[in-house]
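# sequence and predicted structure are below.
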Amino acid sequence: MDWTTFFEPITLSIQISIIASLIVFALSVVIAWIMAKVRFFGKSIVETLLLLPLVLPPTVIGFILLVWLGRRSWIGKLYESLFGQTLVFTWEAAIIAATVVAFPLAYRTMRAGFESIDSELENSARAFGASESQVFLYISVPLAFRSLTAGYILGFCRGLGEFGATLMVAGNIPGKTQTIPTAIYVATDGGSMRMAWAWVGSMLVMSFLMLLLANRFTKN
(Lines give C-alpha, C1' and ligand atoms only; values in the text may rest on other atoms or scores of the structure.)
Protein backbone atom coordinates (compact mmCIF):
# COMPACT_ATOMS: atom_id res chain seq x y z
CA MET A 1 0.00 0.00 0.00
CA ASP A 2 1.24 3.47 -0.92
CA TRP A 3 1.03 5.27 2.42
CA THR A 4 1.42 8.71 0.84
CA THR A 5 -1.59 8.04 -1.37
CA PHE A 6 -3.47 6.64 1.61
CA PHE A 7 -2.90 9.56 4.00
CA GLU A 8 -3.34 12.44 1.51
CA PRO A 9 -7.16 12.29 1.37
CA ILE A 10 -7.37 11.74 5.13
CA THR A 11 -5.19 14.73 5.94
CA LEU A 12 -7.03 16.90 3.43
CA SER A 13 -10.46 15.82 4.71
CA ILE A 14 -9.50 16.61 8.31
CA GLN A 15 -8.12 20.03 7.35
CA ILE A 16 -11.21 20.92 5.33
CA SER A 17 -13.56 19.69 8.05
CA ILE A 18 -11.77 21.61 10.81
CA ILE A 19 -11.90 24.90 8.90
CA ALA A 20 -15.48 24.34 7.70
CA SER A 21 -16.71 23.36 11.18
CA LEU A 22 -15.09 26.45 12.72
CA ILE A 23 -16.90 28.64 10.18
CA VAL A 24 -20.12 26.73 10.82
CA PHE A 25 -19.68 27.11 14.59
CA ALA A 26 -19.22 30.88 14.37
CA LEU A 27 -22.28 31.26 12.15
CA SER A 28 -24.47 28.75 13.95
CA VAL A 29 -23.95 30.12 17.46
CA VAL A 30 -25.13 33.60 16.50
CA ILE A 31 -27.90 32.54 14.12
CA ALA A 32 -29.20 29.81 16.43
CA TRP A 33 -29.43 32.27 19.33
CA ILE A 34 -31.28 34.82 17.21
CA MET A 35 -33.70 32.21 15.88
CA ALA A 36 -34.29 30.80 19.37
CA LYS A 37 -34.73 34.10 21.21
CA VAL A 38 -35.90 36.77 18.76
CA ARG A 39 -39.33 37.05 17.19
CA PHE A 40 -39.62 38.66 13.77
CA PHE A 41 -41.78 38.59 10.66
CA GLY A 42 -41.00 35.75 8.25
CA LYS A 43 -39.16 33.70 10.84
CA SER A 44 -40.61 30.40 9.58
CA ILE A 45 -39.40 31.19 6.04
CA VAL A 46 -35.89 31.98 7.30
CA GLU A 47 -35.91 28.77 9.36
CA THR A 48 -36.90 26.77 6.27
CA LEU A 49 -34.10 28.32 4.21
CA LEU A 50 -31.54 27.59 6.93
CA LEU A 51 -32.54 23.92 7.06
CA LEU A 52 -32.98 23.45 3.32
CA PRO A 53 -29.47 22.01 2.71
CA LEU A 54 -30.36 19.28 5.20
CA VAL A 55 -32.97 17.78 2.86
CA LEU A 56 -31.65 18.74 -0.57
CA PRO A 57 -29.62 16.13 -2.46
CA PRO A 58 -25.90 16.98 -2.29
CA THR A 59 -25.76 17.15 -6.09
CA VAL A 60 -28.40 19.89 -6.06
CA ILE A 61 -26.38 21.84 -3.50
CA GLY A 62 -23.27 21.26 -5.59
CA PHE A 63 -25.00 22.53 -8.73
CA ILE A 64 -26.19 25.69 -6.97
CA LEU A 65 -22.71 26.33 -5.58
CA LEU A 66 -21.20 25.70 -9.01
CA VAL A 67 -23.45 28.40 -10.49
CA TRP A 68 -22.82 30.84 -7.63
CA LEU A 69 -19.05 30.31 -7.51
CA GLY A 70 -18.33 29.76 -11.20
CA ARG A 71 -16.32 32.08 -13.42
CA ARG A 72 -19.43 33.83 -14.71
CA SER A 73 -20.77 34.66 -11.25
CA TRP A 74 -19.83 37.89 -9.48
CA ILE A 75 -18.28 35.86 -6.65
CA GLY A 76 -16.18 33.88 -9.11
CA LYS A 77 -15.13 37.01 -10.99
CA LEU A 78 -14.20 38.80 -7.75
CA TYR A 79 -12.19 35.82 -6.52
CA GLU A 80 -10.36 35.51 -9.84
CA SER A 81 -9.53 39.22 -9.89
CA LEU A 82 -8.13 39.03 -6.35
CA PHE A 83 -6.26 35.73 -6.50
CA GLY A 84 -5.70 35.16 -10.21
CA GLN A 85 -7.45 31.80 -10.36
CA THR A 86 -10.96 30.40 -10.47
CA LEU A 87 -12.68 29.48 -7.23
CA VAL A 88 -14.26 26.23 -8.40
CA PHE A 89 -12.16 23.06 -8.28
CA THR A 90 -10.00 24.44 -5.48
CA TRP A 91 -9.38 23.60 -1.84
CA GLU A 92 -11.37 26.69 -0.87
CA ALA A 93 -14.38 25.44 -2.86
CA ALA A 94 -14.26 22.18 -0.91
CA ILE A 95 -14.38 24.16 2.34
CA ILE A 96 -17.40 26.11 1.11
CA ALA A 97 -19.21 22.91 0.13
CA ALA A 98 -18.49 21.30 3.51
CA THR A 99 -19.63 24.46 5.30
CA VAL A 100 -22.96 24.60 3.47
CA VAL A 101 -23.88 20.97 4.08
CA ALA A 102 -22.67 20.94 7.70
CA PHE A 103 -24.41 24.14 8.79
CA PRO A 104 -28.02 22.87 9.20
CA LEU A 105 -27.05 19.96 11.45
CA ALA A 106 -24.93 22.15 13.74
CA TYR A 107 -27.55 24.91 13.72
CA ARG A 108 -30.41 22.60 14.79
CA THR A 109 -28.37 21.19 17.66
CA MET A 110 -27.29 24.61 18.89
CA ARG A 111 -30.76 26.11 18.60
CA ALA A 112 -32.17 23.29 20.69
CA GLY A 113 -29.58 24.13 23.33
CA PHE A 114 -30.54 27.80 23.42
CA GLU A 115 -34.25 26.96 23.52
CA SER A 116 -33.72 24.70 26.54
CA ILE A 117 -32.43 27.62 28.63
CA ASP A 118 -34.87 29.00 31.21
CA SER A 119 -35.76 32.44 29.86
CA GLU A 120 -36.18 33.71 33.43
CA LEU A 121 -32.42 33.54 33.90
CA GLU A 122 -31.83 35.72 30.86
CA ASN A 123 -34.61 38.12 31.82
CA SER A 124 -33.16 38.46 35.31
CA ALA A 125 -29.81 39.44 33.86
CA ARG A 126 -31.50 42.06 31.69
CA ALA A 127 -33.39 43.37 34.72
CA PHE A 128 -30.06 43.96 36.46
CA GLY A 129 -28.85 46.03 33.50
CA ALA A 130 -27.06 43.49 31.34
CA SER A 131 -26.98 44.27 27.63
CA GLU A 132 -28.06 41.72 25.01
CA SER A 133 -24.44 40.98 24.14
CA GLN A 134 -23.65 40.37 27.83
CA VAL A 135 -26.68 38.10 28.19
CA PHE A 136 -25.55 36.19 25.12
CA LEU A 137 -21.90 35.84 26.18
CA TYR A 138 -22.25 35.32 29.93
CA ILE A 139 -25.63 33.61 30.29
CA SER A 140 -26.82 31.95 27.08
CA VAL A 141 -23.53 30.58 25.74
CA PRO A 142 -22.32 29.02 29.03
CA LEU A 143 -25.71 27.42 29.71
CA ALA A 144 -25.89 26.01 26.16
CA PHE A 145 -22.22 24.99 26.11
CA ARG A 146 -22.88 21.25 25.88
CA SER A 147 -25.22 21.66 22.91
CA LEU A 148 -22.84 24.09 21.21
CA THR A 149 -19.99 21.62 21.55
CA ALA A 150 -22.13 18.77 20.26
CA GLY A 151 -23.20 20.96 17.34
CA TYR A 152 -19.58 21.65 16.45
CA ILE A 153 -18.71 17.95 16.56
CA LEU A 154 -21.71 16.99 14.40
CA GLY A 155 -20.81 19.73 11.93
CA PHE A 156 -17.27 18.37 11.75
CA CYS A 157 -18.55 14.84 11.09
CA ARG A 158 -20.94 16.05 8.39
CA GLY A 159 -18.19 18.00 6.65
CA LEU A 160 -15.86 15.03 6.89
CA GLY A 161 -18.31 12.79 5.05
CA GLU A 162 -19.46 15.21 2.36
CA PHE A 163 -19.28 13.78 -1.16
CA GLY A 164 -21.77 15.01 -3.77
CA ALA A 165 -21.47 18.78 -3.36
CA THR A 166 -17.70 18.57 -2.95
CA LEU A 167 -17.31 16.48 -6.10
CA MET A 168 -19.35 18.94 -8.18
CA VAL A 169 -17.83 22.20 -6.97
CA ALA A 170 -14.29 21.12 -6.02
CA GLY A 171 -13.71 18.06 -8.18
CA ASN A 172 -11.47 15.15 -7.29
CA ILE A 173 -7.90 16.36 -7.68
CA PRO A 174 -5.40 14.16 -5.78
CA GLY A 175 -3.47 16.13 -3.20
CA LYS A 176 -5.64 19.20 -3.73
CA THR A 177 -9.36 18.48 -3.46
CA GLN A 178 -9.55 14.69 -3.15
CA THR A 179 -11.24 13.91 0.18
CA ILE A 180 -11.86 10.50 1.73
CA PRO A 181 -15.36 10.03 0.18
CA THR A 182 -14.20 10.96 -3.32
CA ALA A 183 -11.09 8.80 -2.93
CA ILE A 184 -13.29 5.84 -1.94
CA TYR A 185 -15.45 6.40 -5.01
CA VAL A 186 -12.46 6.48 -7.37
CA ALA A 187 -10.82 3.46 -5.73
CA THR A 188 -14.02 1.42 -5.93
CA ASP A 189 -14.61 2.44 -9.53
CA GLY A 190 -11.04 1.45 -10.39
CA GLY A 191 -11.23 -1.91 -8.60
CA SER A 192 -8.79 -0.96 -5.82
CA MET A 193 -10.91 -2.56 -3.13
CA ARG A 194 -8.10 -2.90 -0.61
CA MET A 195 -7.44 0.85 -0.69
CA ALA A 196 -11.16 1.58 -0.64
CA TRP A 197 -11.63 -0.59 2.46
CA ALA A 198 -8.70 1.14 4.16
CA TRP A 199 -10.33 4.56 3.62
CA VAL A 200 -13.74 3.24 4.64
CA GLY A 201 -12.23 1.86 7.84
CA SER A 202 -10.54 5.17 8.66
CA MET A 203 -13.81 7.02 8.06
CA LEU A 204 -15.76 4.61 10.27
CA VAL A 205 -13.27 4.93 13.11
CA MET A 206 -13.15 8.75 13.00
CA SER A 207 -16.92 9.12 12.68
CA PHE A 208 -17.58 6.63 15.48
CA LEU A 209 -15.23 8.40 17.88
CA MET A 210 -16.61 11.85 17.05
CA LEU A 211 -20.23 10.73 17.44
CA LEU A 212 -19.37 9.01 20.71
CA LEU A 213 -17.93 12.31 21.91
CA ALA A 214 -21.00 14.21 20.72
CA ASN A 215 -23.30 11.81 22.57
CA ARG A 216 -21.44 12.50 25.80
CA PHE A 217 -22.15 16.20 25.43
CA THR A 218 -25.84 15.73 24.57
CA LYS A 219 -26.58 13.53 27.60
CA ASN A 220 -28.34 15.25 30.47
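Cool, the structure landed.
# list the contacts for the residue nearest in space to the middle of the chain?
With distances taken as CA atoms, centre = their mean, the residue of the chain nearest its centroid is A102 (2.8 Å). Going by CB atoms under 8 Å, 6 or more residues apart in numbering, A102 touches A20, S21, V24, L154, G155, F156, R158, G159, E162. Placement of C-beta: from N, CA and C, glycine included.
# can you tell me which of those residues end up in helices?
Among the contacts of A102, the ones falling in helices (DSSP state H) are A20, S21, V24, L154, G155, F156, R158, G159.
# distance of the third one from S124?
With distances taken as CB to CB, to the nearest Å, V24 is found 31 Å from S124.
# and those two? Which one has more around it.
Set side by side, V24 and S124 show more neighbours around V24, with 29 against 13, by other CB atoms under 10 Å.
# ok, the nearest residue to the more buried one once chain neighbours are set aside - contacts?
In space, and not counting its chain neighbours, V24 is closest to G155: 4.4 Å by CB to CB, 6 or more residues apart in numbering. By CB under 8 Å, 6+ apart, the contact set of G155 is A20, S21, V24, F25, S28, A102, F103, L105, A106.
# can you count the residues close to the first one?
Spelled out, that is A20. 26.
# sorry, back to before: list just the nearest of the contacts of A102 to P57.
E162 (12.4 Å; CB to CB).
# what about the helices in this structure?
With DSSP H, the ranges of helices along the chain come out as 3-37, 43-55, 58-69, 74-83, 91-115, 119-127, 132-135, 141-143, 145-160, 164-170, 180-189, 193-218.
# nearest spatial neighbour of P57, skipping sequence neighbours?
Closest residue to P57 apart from its sequence neighbours, by CB to CB, 6+ apart: G164 at 6.8 Å.
# now for the one you found: which residues touch it?
P57, P58, T59, I61, G62.
# tell me which two in those residues are the farthest apart.
P57 and G62 (8.8 Å).
# the more surrounded of the two?
Taking neighbours as other CB under 10 Å, P57 and G62 compare with G62 leading, 24 against 10.
# neighbours of the nearest residue to that one once chain neighbours are set aside, how many?
The shortest distance from G62 to any non-neighbouring residue, by CB to CB, 6+ apart, is to M168 (2.9 Å). Number of residues near M168 (other CB under 10 Å) recorded here: 21.
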